[in-house]
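**Student:** Just to be clear, the model below is a prediction. Sequence and coordinates:
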Amino acid sequence: MSQIKAVRGTRDLLPPETELWNHIEATARRVFARYAFGEIRTPIFEDTQLFARGVGEETDIVSKEMYTWEDRARAQSEKAQMLTLRPENTAGVVRAYIEHKLGDTGLLQKLYYIGPQFRRERPQKGRYRQFFQIGAEVIGPTSAGSESPLRDAEILEMLGTLLGELGITGWMLELNSVGSAADRPRYVQALREALVDVAATLCADCQRRAVTNPLRVLDCKVPEDQGKINELPKIADFLDEDSRAHFAMVCAALDACDVPYTINPRLVRGLDYYTRTTFEFTHGGLGAQNALLGGGRYDGLSEAIGGPKAPGIGFAMGADRLVLTLQAQAAEGGANNAAILVDVYIAPLGGAQQAQSLVLARELRRAGLRVELGDGTFRLKKSFEMGNKLARKIVLFGEEEAASGIVTIKDFETGEQTKVPRGELADFLSTKHSRFPVARE
RNA sequence: GCGGCUAUAGUUCAGAGGCAGAACGCCGGUCUGUGGCACCGGAUGUCGUGGGUUCGACCCCCACUAGCCGCCCCA
């Protein structure tokens, strides 16, 4: 019988890597809290129509990457419902915003989420069929200031701070404005017209894109094409007065708080709902999947899925890619990737000490220490070898210690050995250990 | 969805038609009150899966699966 394995594009996350995942998620939660975001958890599957109308029928995500199935009807009279594993989370958040009438509070909604998303793409480094996103959305009625460029700048400033606290260095922020819902079609039309003359001289991919999805031509990476692509009409020239002023204000606010960015007039994104500000944080060393996170403003999304006017802006970061980046940085710094170290290893020397050693372990654990317990071997050497693999310190608990009530403790790193009365052990050991030093705070 | 490369021990990898290997790790011993070191010994395994060619296949051929790199797309 053949072995059952994790399906293509999915994987198991194991310790100690999961510790890094938890650290990333905890850091994100901490930063989000400081910016007044609350957590939202939406279902992992939704009505297929949500994504078709929200993300856009023509996008690659919807047209060929979704896990969609027909849920069976409960009664003959009922139609079977088409369901889809969420390929992204913004549509779900906006659906929840509409469904729970969050706009009626009159307040700006600042919501973050952490969870798995699903897209049926060919797996690659940093690209999985089940992948994890950490994202946030700022959405609300116009009266709550949801349309303000300050929201955009605040989000971008927060992301710079978050990446900093995660210890990710060397990121680049690329910024663009794709204009209002009215600006974009005008631009696409102009682009299409301009491409009629040039397309034939471009690479094969571009010739295809010129017809199917002209915006994608701007993404071309073929060196020979770059000159000609730079000659094409620029979206910036098609922005209306409001969009132009909006974008200028975003940039001014970023300048004021020293968030570095480059304006990339060729930054286009694959989801139809984006309007005005769009952005991407990229990182070298991620290979072809170089985007750490991406996002933008979506002023018309709520209406597109049947809700009230509710401008918003949000982003999603690829947690898998944050992990990859941090692992790569750790490898550069020559960090070890050993097993998780507990604070202390208790070595009961001999079977007679076993019961009391569990009592001692319980005392220390209740004091908040991470404790691993040996198996009662007489062999001191064995105890030390095992302890050295698992813990920072070892506590010897043999006949002597049981009789005197004074245990022997040795620090593996310094080699320092001390005798401590059993009752004072927890205090003695209570020094802070952090495997992930945080840059600030 | 397309193209290329890869798949052998827990891990990293050698092995190019004739007994399945190394290093690290693991287990045991020297060693029942002091680890990291040393020395001695041991076990690693359906050679990704399924077919085929051959007296004989880890090796050659075909298919499949998975991973990596690139394209595409995106986080």
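**Tutor:** Yep, it's here.

**Student:** Residue A:77: what secondary structure?
**Tutor:** coil (DSSP: H, G, I helix; E, B strand; the rest coil).

**Student:** Quick one: residues contacting it.
**Tutor:** Residue A:77 makes no contacts at all, as judged by C-beta atoms under 8 Å, 6 or more residues apart in numbering. C-betas here are computed from N, CA, C, even on glycine.

**Student:** Please tell me how far the residue in the stretch 151-300 of chain A that RNA strand B sits nearest to sits from residue A:210.
**Tutor:** Closest residue of the stretch 151-300 of chain A to RNA strand B, C-beta to the nearest atom of the strand: residue A:270 (0.9 Å). Remark: distance between residue A:270 and residue A:210 (C-beta to C-beta, to the nearest Å) = 17 Å.

**Student:** Compare the two (neighbour count), which wins?
**Tutor:** For residue A:270 and residue A:210, the more surrounded residue by other C-beta atoms under 10 Å is residue A:210, and the numbers stand at 20 against 15.

**Student:** Tell me if I am right that residue A:82 is in a helix.
**Tutor:** No - counting by three-state DSSP, residue A:82 is not part of a helix but strand.

**Student:** just checking, it touches residue A:70?
**Tutor:** Yes - using C-beta atoms under 8 Å, residue A:82 is in contact with residue A:70, at 5.8 Å.

**Student:** Enumerate the residues of the stretch 301-441 of chain A near RNA strand B.
**Tutor:** Contact residues (C-beta under 7 Å from any atom of the strand) of the stretch 301-441 of chain A with RNA strand B: A:316-318, A:320-321, A:349-350, A:378-382, A:384-385, A:388-389, A:396, A:398-401, A:408, A:410, A:412-413, A:415, A:417.

**Student:** Cross these against helices and list the overlap.
**Tutor:** A:320-321, A:380-382, A:384-385, A:388-389, A:399-401 (DSSP state H).

**Student:** need those in JSON lines with neighbour count and distance to residue A:425, can you?
**Tutor:** JSON lines is the format used below for those (neighbours: other C-beta atoms under 10 Å; distance: C-beta to C-beta, whole Å):
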{"residue": "A:320", "neighbour count": "20", "distance to residue A:425": "41"}
{"residue": "A:321", "neighbour count": "25", "distance to residue A:425": "43"}
{"residue": "A:380", "neighbour count": "13", "distance to residue A:425": "19"}
{"residue": "A:381", "neighbour count": "8", "distance to residue A:425": "23"}
{"residue": "A:382", "neighbour count": "13", "distance to residue A:425": "22"}
{"residue": "A:384", "neighbour count": "16", "distance to residue A:425": "19"}
{"residue": "A:385", "neighbour count": "11", "distance to residue A:425": "22"}
{"residue": "A:388", "neighbour count": "13", "distance to residue A:425": "19"}
{"residue": "A:389", "neighbour count": "13", "distance to residue A:425": "22"}
{"residue": "A:399", "neighbour count": "11", "distance to residue A:425": "18"}
{"residue": "A:400", "neighbour count": "13", "distance to residue A:425": "15"}
{"residue": "A:401", "neighbour count": "23", "distance to residue A:425": "11"}
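
**Student:** Mind listing the residues bridging to residue A:291?
**Tutor:** Residue A:291 has these beta-bridge partners by DSSP bridges: residue A:282.

**Student:** so the nearest residue to residue A:300 once chain neighbours are set aside, which of the three states?
**Tutor:** By the measure of C-beta to C-beta, 6 or more residues apart in numbering, the closest residue to residue A:300 outside its immediate chain neighbours is residue A:181, 5.0 Å from it. Local secondary structure at residue A:181 is given as coil here, using three-state DSSP.

**Student:** Could you check the pLDDT of residue A:181?
**Tutor:** On the pLDDT scale, residue A:181 is placed at 81.

**Student:** Pull the contacting residues for it.
**Tutor:** By C-beta under 8 Å, 6+ apart, residue A:181 lies in contact with A:275, A:299-300.

**Student:** same question, residue A:108
**Tutor:** Here residue A:108 is in contact with A:138-140, A:144-146, A:151 (C-beta under 8 Å, 6+ apart).

**Student:** Tell me how far the residue lying closest to residue A:11 once chain neighbours are set aside lies from residue A:200.
**Tutor:** Spatial nearest neighbour of residue A:11, chain neighbours left out: residue A:128 (6.7 Å); criterion: C-beta to C-beta, 6+ apart. As defined by C-beta to C-beta, residue A:128 lies at a distance of 38 Å from residue A:200.

**Student:** now swap in residue A:31 and tell me
**Tutor:** From residue A:31 to residue A:200 the distance is 49 Å (C-beta to C-beta).

**Student:** doesn't residue A:132 make contact with residue A:316?
**Tutor:** No - between residue A:316 and residue A:132 there is no contact under C-beta under 8 Å: 10.0 Å.

**Student:** Need the overlap of contacts for those two.
**Tutor:** The overlap between the contact sets of residue A:316 and residue A:132 (C-beta under 8 Å, 6+ apart) consists of residue A:117.

**Student:** Just checking, which helix or strand of chain A averages the lowest pLDDT?
**Tutor:** helix A:204-212 (a mean of 75; mean pLDDT, DSSP states H and E).

**Student:** List the buried residues of it.
**Tutor:** Residues A:206-207, A:209-210 are the ones in helix A:204-212 that count as buried (16 or more other C-beta atoms under 10 Å).

**Student:** Now the two most distant members of the contacts of residue A:108.
**Tutor:** The distance between the two most remote of the contacts of residue A:108 (C-beta to C-beta) is 11.2 Å, for A:139 and A:145.

**Student:** So which of the two has more stuff around it?
**Tutor:** Neighbour totals were compared for residue A:139 and residue A:145, and residue A:139 leads with 28 against 14 (other C-beta under 10 Å).

**Student:** nearest residue to the more buried one other than its sequence neighbours?
**Tutor:** residue A:312 (3.2 Å).

**Student:** residues contacting the one you found?
**Tutor:** Residue A:312 is in contact with A:94, A:137-140, A:146, A:297-299, A:301-302, counting by C-beta under 8 Å, 6+ apart.

**Student:** on that earlier part again, of the contacts of residue A:181, which is the most crowded?
**Tutor:** residue A:275 (25 neighbours).

**Student:** Just the pLDDT for that one.
**Tutor:** Per-residue confidence at residue A:275 stands at 91 (pLDDT).

**Student:** tell me which parts of the stretch 151-300 of chain A are close to RNA strand B?
**Tutor:** Residues of the stretch 151-300 of chain A lying near RNA strand B (C-beta under 7 Å from any atom of the strand): A:205, A:209, A:213, A:216, A:219-221, A:269-271, A:280, A:287-294.

**Student:** Show me chain A divided up by domain.
**Tutor:** Listed by automatic domain parsing, the domain ranges of chain A are A:17-182+A:240-332, A:342-429.

**Student:** Quick one: end-to-end distance for the shortest one.
**Tutor:** By C-alpha to C-alpha, to the nearest Å, the extent of domain A:342-429 from end to end equals 12 Å.
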